[in-house]
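# Here is a sequence together with a model predicted from it:
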Amino acid sequence: MSTQREQDRTKGLTRRAALLAGGQALLLSALVGRVYYLQVVEADRYKVLAEENRINLRLLAPRRGRLLDRFGVTLATSDQNYRVVLVAEQAGEIESTLDAIGTLVPLSDADKRRVLRDIHRKHSFVPVIVRENMSWEEVSRIEVNVNDLPGVNIEVGSSRFYPFGERVTHVVGYVAPPSEKELTGDPIMELPDFRIGKSGVEKSEDLELRGKAGASQIEVNALGRVVREINRDEGVVGQDVVLTLDMWLQDFTQRRLTAEESASCVLMDAVTGDILAMGSSPGYDGNAFTHGLPAKLWQGLNEDPHGPLNNKAIQGIYPPGSTFKPCVALAGLESGAITADTRISCSGKITVGTTEFHCWRKQGHGSLDLRGGLKNSCDVFFYEVARRLGVDKIAAMAHLLGMGKQTGVEIPSERSGLIPTRAWKLATYGVPWQNGETYSVGIGQGYVNTTPLQLATMVARLVTRRAVQPRIIRRSGLILPDKPFDPDAGASEFSMLEVDPKNLAAVLNGMDAVINEIGGTGYATRITEAGMQMGGKTGSAQVRHISEAERQHGLRKQEDIPWKDRDHALFIAFAPVGNPRYVAAAVVEHGKHGASSAGPIVRDVLHECQKRDPARQFPPGPLIVPDSAVVALDRPAPPSTPDPDPESVSD
């Protein structure tokens, strides 16, 4: 009996063992199957997931293209620098981390506020620059303590550098991080060292200069610390952009302008429309914006009455004064209101109703033809021409010569100026045009406003009889020693003006007399070197009228009133007289008289230009970057032969 029970119990144990073994085998099979599924069937998928945990992909800002002058001189480039960055999602308590960094390298409260602002604006995984342009010693201090600074890394980046500083910044412009309004959702815009053009050519050619983003594949540990870089694609470098500038002439022009408190000058190749130099003084250094402009410096630039942030060559709006008279003269000739031989008598004033319009020369000029009217800058002569013409015909000629509208030069924020018409005044003020207002327009006053670039364009159109368009971008590339330069290339791009060549010749003849004949208002500023003589026109634009009561109290001269109320000084010119190639226009704010302040600037710039002749001759050697300090040139003395009639110089 007991034996039977023993056998039954053994059989039960055997069945349980078999069931247990079967269960174990089943579980083992399932485990093996799962392992096979994960390691073989799903191997590729989980390999990718593992890599994503271990490897991060970061966008790299592309290297920005260079800006070059016409001969290849570098005006803007990108330099390598070291910076410390912070990734918010890895850093934990941000302010504590910033305080810790501040114990190792200088970090101001403004820097901390900027970092917190940038972190708020950007995604948490995007690195934010804490400090850049760091010295090797500062980099070392961060690297030694990097294990105690979660989310903090040292990176090698690039920053924009302008070798010539303020001597070309008004044209080149500057770059800076995108503002919150400029963020489009494109991840590249949030990169710590990504910069966009904010002004000048940097802004107008921004898309060409940017290039295409690259990527860095990096291995990170569990704390997010970078272990090594696995792969790196630098992306596509931005395109280089060639400007029409001749940096030698640009440097000369800008230095020459610093002899005045506030001035601008444009030098153009009249045939091609190339802007060889565009100076505006005082200036500012674009490098300061690249590295972060201190609030105090920004405030100082904004509050400076001389307007250093403005490119006065395209943003300065001035009454052209007597530099407008060649336009009025051509309008008179084209309309038949006068001929080159028409004589008009000047007694020193002209009366319109109860209003007297005075000539700058109280005793008058006597009887003058067109050449004499321009040479002596006789106001009465041009009052009468304007009366015969009417304001609308003057406006039509001014528009034909490029005034009253943007020239289209590839620099942002160009202003259009104003050339008034009857319809404009009625639409703007709701009152009709008054005949007396035409007299003021005839001498470039009243509502007339232009920019220095427009004045240079006017002269270029006068000397070429073509609708010359100024340009700052040289689309055909560099001028190279082994690549012959065609001095007339591009001239055919401009359409012919519908004006009589004989009438143009009469106007240019008068402008020749202004400079090169004794008694001309610009005679003291002439170029005496044979073959380089210039023709031109002087001008002064009234800023504030001195009343009769003020005159009686001794306030008679420009020197007697504050600088900001003095007349603007203007000068336009072309050279050489026999075969005009170059044109220039200068404005000295509150410079009083065109002949004595703006004229010498134009003379020196045109003389230097002709000596170098950038349209025909490659420079003999590379331009050596001068010292960063701008040294004002002494204003050159006028030629030794004086004007025998000092009172004949008005403008």
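That came through fine.

# okay, now the nearest residue to residue 566 once chain neighbours are set aside: neighbour count?
Once flanking residues are discounted, residue 566 sits nearest to residue 590: 4.0 Å by CB to CB, 6 or more residues apart in numbering. To be clear about C-beta, it is placed using only N, CA and C from the backbone, and glycine gets the same treatment. Per other CB atoms under 10 Å, the neighbour tally for residue 590 reads 22.

# which ones are touching residue 590?
By CB atoms under 8 Å, 6 or more residues apart in numbering, the contact list for residue 590 reads 261, 262, 543, 563, 564, 565, 566, 567, 568, 569.

# Relative to residue 307, how far out is it?
Residue 590 is 12 Å from residue 307, where distance means CB to CB, to the nearest Å.

# what's the nearest residue to the residue nearest the centre of the chain if we skip its chain neighbours?
What sits nearest the mean C-alpha location of the chain, by CA atoms, centre = their mean, is residue 200, with 2.3 Å. Spatial nearest neighbour of residue 200, excluding adjacent residues (CB to CB, 6+ apart): residue 173 at 2.2 Å.

# any idea of the pLDDT on the one you found?
Residue 173 carries a pLDDT value of 95.

# doesn't residue 198 make contact with it?
Yes: assessed by CB atoms under 8 Å, residue 173 is found in contact with residue 198 at 6.5 Å.

# who's more crowded, these two?
Set residue 173 next to residue 198 and count neighbours by other CB under 10 Å: residue 173 wins out with 26 against 19.

# Now do the same contact list for that one.
Counting by CB under 8 Å, 6+ apart, residue 173 touches 197, 198, 199, 200, 201, 202, 203, 286, 411.

# Just say helix, strand or coil for the fifth one.
This points to residue 201. Three-state call for residue 201 (DSSP: H, G, I helix; E, B strand; the rest coil): helix.

# shouldn't it be in contact with residue 171?
Yes: here residue 201 reaches residue 171: they are 6.4 Å apart, a contact under CB under 8 Å.

# Next, show the common contact partners of the two.
With CB under 8 Å, 6+ apart, residue 201 and residue 171 have common neighbours 243, 411, 472.

# could these be laid out in JSON lines, adding secondary structure?
What follows is the shared contacts of residue 201 and residue 171, written out as JSON lines (three-state DSSP):
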{"residue": "243", "secondary structure": "strand"}
{"residue": "411", "secondary structure": "coil"}
{"residue": "472", "secondary structure": "coil"}
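
# which of the residues you listed are buried?
For the shared contacts of residue 201 and residue 171, a burial check counting by 16 or more other CB atoms under 10 Å picks out 243, 411, 472.

# For the first one, report the pLDDT, please.
Right, the one you point to is residue 243. pLDDT for residue 243: 97.

# now swap in the last one and tell me
What the model reports as pLDDT for residue 472 is 97.

# and it, what does it touch?
Neighbouring residues of residue 472 by CB under 8 Å, 6+ apart: 171, 201, 243, 244, 245, 275, 278, 409, 410, 411.

# Which of these are buried? Put it as a ChimeraX command.
The ChimeraX command for the buried members of those (criterion: 16+ other CB under 10 Å) is given here:
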select :171,201,243,244,245,275,278,409,410,411
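
# Sort out for me which of the contacts of residue 472 are in helices.
Counted as lying in helices by DSSP state H, out of these, are 171, 201.

# Save the contacts of residue 472 as a markdown table, and put in distance to residue 57 too.
Below are these laid out as a markdown table (distance: CB to CB, whole Å):
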| residue | distance to residue 57 |
| --- | --- |
| 171 | 39 |
| 201 | 33 |
| 243 | 37 |
| 244 | 42 |
| 245 | 41 |
| 275 | 44 |
| 278 | 44 |
| 409 | 42 |
| 410 | 37 |
| 411 | 38 |
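
# Go through the contacts of residue 590 and flag which are in strands.
568, 569 (DSSP state E).
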